[in-house]
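Novice: please work out how this folds:
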Amino acid sequence: MRAMTLNADLGEDESMARTRALLGLVDLANIACGGHAGTAASMYLVIERARAEGVKVGAHPGLAGEFGRGEADVTPEALALLLVQQVGGFAAMCRTAGAKLHHVKLHGALYHAVERSSTLAQVYVETIGGIFPRTAIVAQAGGRVVATARTAGVRALAEVFAERGYRPDGSLVPRGEPGDLILDPREVASRVPGLRGDTICVHADSPNALRIARAVRRVIDGDRSRPRAGRAG
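Specialist: Below is the predicted model:
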């Protein structure tokens, strides 16, 4: 199958044991920046551990309240300020830990809000491209943000989800609705060859997250002698 990287949202109040285990499986770590989850201490610890594991680190900004998964009532100006604050702070933490900011991936409601609004998508891409050059944006495969970023010359990684259900139109089944999560690692693994994107996400807070990540890793690697796609350069 086409090479894809494996990514996980981390530093979201999961146990450090789970963080360490997932860092041993993934190529990209999306680390909470203190908005929906995370503290300065947790950011530093996860960044430092990811650097030691050779995992590329990314900022995972989100809205406060409801774990960042409620309605995203955000103006373009508020989105730009949130990005400057959370990604800026994360980038400074990376420098302190001797790591490089590789990418940005929005969390929860913000992730979907920029897909629905062309104005928010444009602000998102312009803010990251203008203030954090050479930083990739991770966004929904086939979505508005990936297209906007690539048009603007900002690197974008198209993301698919291992354990989330998809609707026929390609959108995700909203959390809380039937079919939103797929918890059987074997079923998740069987879906991977049919997914089209640059990187595939496993959520650290999903039940069976470690078993699912191991199953997806095996499918991505195929021949286990090959190096991980995201760590080759």
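
Novice: just give me the neighbour total for Leu120.
Specialist: 24 (other Cβ atoms under 10 Å). In this view, the C-beta of every residue, glycine as well, is placed from N, C-alpha and C.

Novice: now do the contacts for the closest residue to it other than its chain neighbours.
Specialist: Among residues not flanking Leu120 along the chain, Val114 sits closest, at 4.6 Å (Cβ to Cβ, 6 or more residues apart in numbering). Each residue near Val114 by Cβ atoms under 8 Å, 6 or more residues apart in numbering is listed here: 79, 106, 120-121, 124, 139, 144-145.

Novice: Val114 sits in which helix or strand?
Specialist: helix 108-116 (DSSP states H and E).

Novice: how near is the residue nearest to Leu120 to Leu28?
Specialist: Between Val114 and Leu28 the computed distance is 19 Å (Cβ to Cβ, to the nearest Å).

Novice: and if you look at Pro174?
Specialist: 25 Å.

Novice: for Thr19, phi and psi?
Specialist: phi -60, psi -50 (degrees, to the nearest 10).

Novice: neighbours around it, how many?
Specialist: Thr19, neighbours per other Cβ under 10 Å, totals 22.

Novice: the one 5 residues further on now?
Specialist: With neighbours defined by other Cβ under 10 Å, the count for Gly24 comes to 14.

Novice: for the nearest residue to it once chain neighbours are set aside, phi and psi?
Specialist: Distance criterion Cβ to Cβ, 6+ apart; nearest residue to Gly24, sequence neighbours excluded, is Glu53 at 6.4 Å. Here is the backbone geometry of Glu53 (degrees, to the nearest 10): phi -90, psi -10.

Novice: what about Glu53, how many residues nearby?
Specialist: Glu53 has 16 neighbouring residues, counting by other Cβ under 10 Å.
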